[in-house]
Structure formats: structure tokens, C-alpha cells
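*Asks:* Requesting a structural model of the entry that follows:
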Amino acid sequence: MNACLIGDNLTSLALAKVLTNKKIKVFLYHERKTKYKIRTRTIGISKSNLKFFNNEIIQLKKNATWKINQIEIYNENIHNEKILNFKDNKDHLFSIVKNDYLYKLLNNSLNKNFLFKKILIKNNLFYKKILKNKNYDLIINCERRNKISKDYFFKKIIKSYNSKAYTGILKHKNCINKKAIQIFTKFGPLAFLPFSKNKTSIVFSIDNKQLLTEEQIKKIILKNNINYKIQSITNLEKFDLNFSFNRQYYYKNILLFGDSLHQIHPLAGQGFNMTLRDLNILSKLIDKKLNLGLKVDNYIYKEFEDTTKHLNYIFSTGIDFIYEFFNFKDKIYLSKLIRYLGKNKFFNKIFKRSADRGIII
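*Replies:* Sure thing, here's the model as predicted:
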């Protein structure tokens, strides 16, 4: 059995690893040799997704993940008031891992596997030919900016947040660093995400109307630091923030997957978690076919869409609602409402379960 994956990123490599683990031959096509540029980004992986990653994709070293057992949310506009606090004394809420570590781990493992091959796309003729190609049982596009995504998957909900996310790493004195902090500043949400005793990643979403230099952004970060004795901050890297949700999951013989399928605000750290939940479902659908001795081909696309589309839509729009909710102008009223919800045990339980497993109906 042969599978064709398009795009060279975390999603395609994780998918390739799942498929090769099932003894499926994978040909990964990409437009250029990728150097993983954004080295300061980290990913929050939920407990259930981390278990799936270790069991079905690749085992992570224990020191590669950093467990978070508490989340605190503050509002800068009301004297840095703490408005939400989630804590799990018995276990952790989620784990932090570096993007570039995951990419290198998956890439190195796959390059040693005879079932895996990377192929450079030389020109746009590839995209026309792939629609007629019958050599592959599965063709899955994991790249949201290529010709396939632009020309054939245009039925989508799109929203620009007109802002950029700035990422960097704080180096600080050793501390018990198990608490993630989100601060809603007048410039945008600022997150502190620990990944070791002396290192914490930052994600700062800033409205494009705010014409700030890197030095000014760093000063705002230092001003809002309430937890660390900071020694240095790395150079900041940035990327545009958008929301998109495809109404169309597949076209002819090609399935969309990962960011090409849905892209959400990094506010709640759920983008890659959504992809991992999708991958878990797709993996189970493939296993079901294989165990019954049935052929795995593009007929599985509709089954995948029927299983995930409504749940992903609810979850995606829910994350968008959270972002807009915290942008609500009446901060005092908002703060009172959030504090009430934070003290509600049922809300806490639903919040933790949804962040871990997504929407379950």
C-alpha cells in the first residue's frame, strides 16, 4: 500500500510516522528543502494526545516534555487581577515541548525508515498530475499555502485577526516552573509557557495597529513578568494570526489535513492538539479497514469528514469565541463574569476535559 503526503511540516511528519508504523509506504512531496526556522515556538500537548503520540507515533524522551499543573489568567487592565486559576494537584494539565525538537525527532526517525521517501516538487505540473495519479491509495495535503489548497479548496470560513504572534524564550534563574500564565494586556494576550526550570517560552499576540519595535515589545514582556528573575530574552520571531475552517475536506482523490484543514488562534494552544485528535481518528479508521482485510483508499475520506467535521467546527469557533470574549470592552463586567465561571466546579471540569480531549458528543 502506498500513501502520498504533500508538505514538509510537523503534521505531515507525524502522519507519515503513523502510516509507516502500519507498514504503509509513504512518499512525502515538498516544494523546497525545509529548514525549520521558528526555533522559539513551543507546543502544548494535552494528556490524552501525549499518550497517543507516545503509543502510536513516536516515544518522546521524558526530559523532552515539561508538565504543567496550573494555569493562571490575569487582566492587566484591572491592576493585574487574577481572573482564572486552574490547578491539578494530583496530575498535570498538559505538557510543553519545543517545535524544532519534535520536527527533528520525527524527521530523523523517518529518514532511517525504508518505507519513507522525501521527494522535491520541481514545478507546478506536479499538482495537476497528482489529481489523476492512481499509484497512491491515499493522497493527503498537509500544506495550506500550496497550489492544491488555493485552487481546489476555496470553500472556507476565513477571518484575519489583524495581528501577529511574537515568540521568544526567556532564560531565568531556576524555579519550580510548573505554572502557565496568560495575561490580557492592552496590546493583546501574552502567554508564559514553561519548558524547564530555567527556560520559559513566550507567545505575545499584538494588534497590527500597535507599531512597536522589538525592544518595546521586550519591555512590555518584562513589565508583565510576575514570576521570573529574567537573565535574557532571545530575539523574537513572528507570524500572522488567522482563523480558517474548510467546508470541504476532500476533492476527488485528495484529503486536506492539519493546518490546511483548520487554523485557529494560538490563544488556547489547541491548534496542534486538534490535528493530533484528527490523526488519532484517521488512524483508527485505517486500522478498522486493515483489520477487516478491506482496501484503504480515498473512500475513507468521507468517513473521516463525517466523524470529525462537526466536532472540529464547534471547537474552532469556540476558540474564536474565547478570543473575542476576552476582547470585550467592558473589562470590569468581563472580569466579574470570568471569576464566577472560574469558581464554578462544573465549568472547571468541562474546561479541562475539552482542552484535553476536544469536543465529545
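
*Asks:* Within the sheet, what are the partner strands of the longest strand along the chain, with directions?
*Replies:* Under DSSP state E, the strand in the chain containing the largest number of residues is strand 156-172. Strand pairing for strand 156-172, determined by DSSP bridges: strand 199-207 (antiparallel), strand 230-233 (antiparallel), strand 237-246 (antiparallel).

*Asks:* quick check: mean pLDDT across the longest one?
*Replies:* If you average the pLDDT over strand 237-246, you get 89.

*Asks:* Could you do stretch 130-146 as well?
*Replies:* 93.

*Asks:* Which stretches in the stretch 101-250 of the chain count as strands?
*Replies:* Secondary structure of the stretch 101-250 of the chain, counting by DSSP state E, counting those that start in this stretch: strands at 116-120, 138-141, 156-172, 179-184, 189-194, 199-207, 230-233, 237-246, 250-251.

*Asks:* State the distance from the residue in the chain sticking out farthest from the centre to residue 247.
*Replies:* Using CA atoms, centre = their mean, the residue of the chain lying farthest from its centre is residue 293. It sits 33.5 Å away. Note on residue 293: its distance to residue 247, by CB to CB, to the nearest Å, is 34 Å. Where C-beta positions appear, they are placed from N, C-alpha and C, glycine not excepted.

*Asks:* Quick check: buried residues in stretch 94-104?
*Replies:* Judged by neighbour count using 16 or more other CB atoms under 10 Å, the buried positions of stretch 94-104 are 94, 95, 96, 97, 98, 99, 101, 102, 103.

*Asks:* again, but for stretch 140-150
*Replies:* Buried residues in stretch 140-150 (16+ other CB under 10 Å): 140, 141, 142, 143, 144, 146, 147, 148, 149.

*Asks:* so which pair among those residues is furthest apart in space?
*Replies:* The distance between the two most remote of the buried residues of stretch 140-150 (CB to CB) is 15.4 Å, for 140 and 147.

*Asks:* ok, back up a step: so which of the strands paired with strand 156-172 gets nearest residue 257?
*Replies:* When the strands paired with strand 156-172 are ranked by proximity to residue 257 (CB to CB), strand 237-246 comes first, at 10.3 Å.

*Asks:* Could you check the closest one and say which residues are buried?
*Replies:* By 16+ other CB under 10 Å, the buried positions in strand 237-246 come out as 241, 243, 244, 245, 246.

*Asks:* which residues are contacting that strand?
*Replies:* 37-41, 144, 153, 155-161, 163-168, 205, 256, 260-266, 312-313, 316-317, 320 (CB atoms under 8 Å, 6 or more residues apart in numbering).

*Asks:* Pull out the CA atoms of it and give them to me as CSV.
*Replies:* What follows is strand 237-246, C-alpha atoms only, in CSV (Å, rounded to 0.1, in the frame of the first residue of the first chain):
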residue,chain,number,x,y,z
GLU,A,237,10.2,35.6,15.8
LYS,A,238,6.8,36.4,14.4
PHE,A,239,3.9,35.0,12.3
ASP,A,240,0.5,36.3,11.2
LEU,A,241,-2.6,35.2,13.1
ASN,A,242,-5.7,33.9,11.2
PHE,A,243,-8.7,31.8,11.6
SER,A,244,-9.8,29.4,8.8
PHE,A,245,-12.1,26.4,8.6
ASN,A,246,-12.6,24.4,5.4
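
*Asks:* and the longest helix for the protein?
*Replies:* helix 300-326 (DSSP state H).

*Asks:* by how many degrees do the longest strand of the chain and strand 189-194 diverge?
*Replies:* 50 degrees (axes from the mean of the first three to the mean of the last three CA atoms, to 10 degrees).

*Asks:* which parts of strand 156-172 are buried?
*Replies:* Using 16+ other CB under 10 Å as the burial criterion, the residues of strand 156-172 that qualify are 156, 161, 163, 164, 165, 166, 167, 168, 169, 170, 172.

*Asks:* tell me the contacts of the most centrally placed residue in the chain?
*Replies:* Nearest to the geometric centre of the chain sits residue 272, at 2.3 Å (CA atoms, centre = their mean). Contact analysis of residue 272 by CB under 8 Å, 6+ apart lists 10, 11, 43, 45.

*Asks:* All good on my end, thank you.
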